[in-house]
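K.L.:
Make a model of this:
(4 chains)
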There are 2 protein chains.
Amino acid sequence: MSPKLPSTSRSLPIALIRAREGVMSPIRDMLSETDITEQQWRVLRVLSEFGTLDTTTLADRSSLLFPSLTRIAATMRDKGLLTQTRDEVDRRRQLIEITAKGQKIIDDRTGQTTQIVADFKTRLGSENYETLLDLLALLDPGSHD
Amino acid sequence: MSPKLPSTSRSLPIALIRAREGVMSPIRDMLSETDITEQQWRVLRVLSEFGTLDTTTLADRSSLLFPSLTRIAATMRDKGLLTQTRDEVDRRRQLIEITAKGQKIIDDRTGQTTQIVADFKTRLGSENYETLLDLLALLDPGSHD
DNA sequence: TCAGAATTATTAACATGTTAAGGAAATGCT
DNA sequence: AGCATTTCCTTAACATGTTAATAATTCTGA
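P.N.:
Here you go, the predicted model:
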């Protein structure tokens, strides 16, 4: 008498994937005219907001796995979007910093990005928008719940 | 005087990624004792729910891109989890069906899966859980909004 | 009927996701 | 000091995400 599985149409994992698709779609459109990916954009955003970061913190804040970030950072370094320097105090650590070229990519798109966010807030309504962020935070494993 | 970008800590894309991590974590744990991935599990779930499907419909319902599904289906066919047959009416189409071996993987884990879903409902509260699914649906591009 | 357009699926190429193994530097303990 | 442990990062190997190009089949309209 095992209970039936929920329909995939009301499945949380699938709903999250589809929502992400919907949210990323306009951002992807914006980035299509550049040479950077969605993940590289995320790295730029985090570096721009927090300044120089070590790799571990950067991975955490941009929600990337370490091995992915290793490759992405190497690519971005080669493109001149960021610099990597070794921490002289703790020589295991690497410090990553955005370059002027990287910052310009963000600055040139601040208006577009702001508009995209505003559109989603309008679509959901401000209150729902905040509610959604709060509910999503409850599912975040990094929130120590 | 361009407006400031929102902090990445209240960013919808990042919140969605992290939430997905949290939701998939116990499912990933469950699957770690098997030889199938999270995406292969999703394909099995959809095939089990809807029966024989053509590739396009299967890709849509399991939220996978076509090229990904091509590879995943080939892998799963080699593992004996599904069968692929050509549609005799429209010979462009391919029909995919779950095998008994594939169905068994789901059946053996119905209890665990149900428990995982129940845990999330408890964590959020039933009402919040439904609210979350509704809000996520608003962001789904497939919902013709 | 038949050439052009649309549909269905595959393949290619590169970036990322994911887990496991490995390497270098710091830390802790004796 | 010296060795095991831990931390930080890289590399490897394979699966998937993503976009573009291609092939096979069907559809459409003159």
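
K.L.:
so where's chain A uncertain?
P.N.:
A:1-3, A:144-145 (pLDDT under 70).

K.L.:
quick one: the strands in it?
P.N.:
A:53-54, A:82-86, A:94-98 (DSSP state E).

K.L.:
Redo those strands as a markdown table? Include distance to chain B.
P.N.:
In short, each C-beta sits where N, CA and C put it, glycine included. Listed next are the strands of chain A as a markdown table, based on distance: least, Cβ to the nearest Cβ, whole Å:
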| stretch | distance to chain B |
| --- | --- |
| strand A:53-54 | 12 |
| strand A:82-86 | 16 |
| strand A:94-98 | 13 |
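
K.L.:
Need those in TSV (columns: mean neighbour count).
P.N.:
Listed next are those as TSV, based on neighbours: other Cβ atoms under 10 Å in any protein chain shown:
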stretch	mean neighbour count
strand A:53-54	18
strand A:82-86	15
strand A:94-98	18
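
K.L.:
and of those, who's closest to DNA strand C?
P.N.:
strand A:82-86 (8.5 Å; Cβ to the nearest atom of the strand).

K.L.:
The closest one versus strand A:94-98: what angle between them?
P.N.:
160 degrees (axes from the mean of the first three to the mean of the last three Cα atoms, to 10 degrees).

K.L.:
Contacts made by strand A:82-86 with the rest, please.
P.N.:
A:43-44, A:47, A:73, A:76-77, A:93-99, A:102 (Cβ atoms under 8 Å, 6 or more residues apart in numbering or on different chains).

K.L.:
Quick check: neighbours of it in the sheet, parallel or antiparallel?
P.N.:
Next to strand A:82-86 in the sheet, as set by DSSP bridges, lie strand A:94-98 (antiparallel).

K.L.:
can you tell if the strand it pairs with touches DNA strand C?
P.N.:
No. Judged by Cβ under 7 Å from any atom of the strand, strand A:94-98 and DNA strand C are separated, with a smallest distance of 10.9 Å.

K.L.:
now check that strand, is it near DNA strand D?
P.N.:
Yes. Shown here: strand A:94-98 in contact with DNA strand D (Cβ under 7 Å from any atom of the strand) through A:Gln94.

K.L.:
what's the offset of that strand from the middle of its chain?
P.N.:
17 Å (Cα atoms, centre = their mean, to the nearest Å).

K.L.:
circling back: distance to A:Val23 for the contacts of strand A:82-86 - can I get that in a markdown table?
P.N.:
Conversion of the contacts of strand A:82-86 to a markdown table gives the following (distance: Cβ to Cβ, whole Å):
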| residue | distance to A:Val23 |
| --- | --- |
| A:Val43 | 18 |
| A:Leu44 | 18 |
| A:Leu47 | 21 |
| A:Ala73 | 24 |
| A:Met76 | 23 |
| A:Arg77 | 28 |
| A:Arg93 | 33 |
| A:Gln94 | 31 |
| A:Leu95 | 31 |
| A:Ile96 | 26 |
| A:Glu97 | 28 |
| A:Ile98 | 24 |
| A:Thr99 | 28 |
| A:Gly102 | 23 |
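
K.L.:
Let's have the strands of chain A in TSV, adding distance to A:Thr122.
P.N.:
As requested, the strands of chain A are exported to TSV (distance: least, Cβ to Cβ, whole Å):
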stretch	distance to A:Thr122
strand A:53-54	33
strand A:82-86	34
strand A:94-98	30
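
K.L.:
For B:Leu5, find the nearest of the ones you listed.
P.N.:
Counting by Cβ to Cβ, B:Leu5 lies closest to strand A:94-98 out of those; the figure is 13.5 Å.

K.L.:
Could you tell me how many residues sit around A:Ile27?
P.N.:
19 (other Cβ atoms under 10 Å in any protein chain shown).

K.L.:
which ones are touching it?
P.N.:
A:38, A:41, A:113, A:116, B:13 are the contacts of A:Ile27 under Cβ under 8 Å, 6+ apart.

K.L.:
Closest one of the residues you listed to DNA strand C?
P.N.:
Distances from DNA strand C to the contacts of A:Ile27, taken by Cβ to the nearest atom of the strand, are shortest for A:Glu38, at 7.3 Å.

K.L.:
on that earlier part again, out of the contacts of A:Ile27, who's near DNA strand D?
P.N.:
Within those, those near DNA strand D by Cβ under 7 Å from any atom of the strand are A:Glu38.

K.L.:
Are any of the contacts of A:Ile27 buried, and if so which?
P.N.:
With burial judged by 16 or more other Cβ atoms under 10 Å in any protein chain shown, the buried subset of the contacts of A:Ile27 is A:41, A:113, A:116, B:13.

K.L.:
Let me have those in a markdown table, adding distance to B:Leu69 as columns.
P.N.:
Output for the buried ones among the contacts of A:Ile27, formatted as a markdown table (distance: Cβ to Cβ, whole Å):
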| residue | distance to B:Leu69 |
| --- | --- |
| A:Trp41 | 26 |
| A:Thr113 | 32 |
| A:Ile116 | 29 |
| B:Pro13 | 24 |
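
K.L.:
Understood, closing this out.
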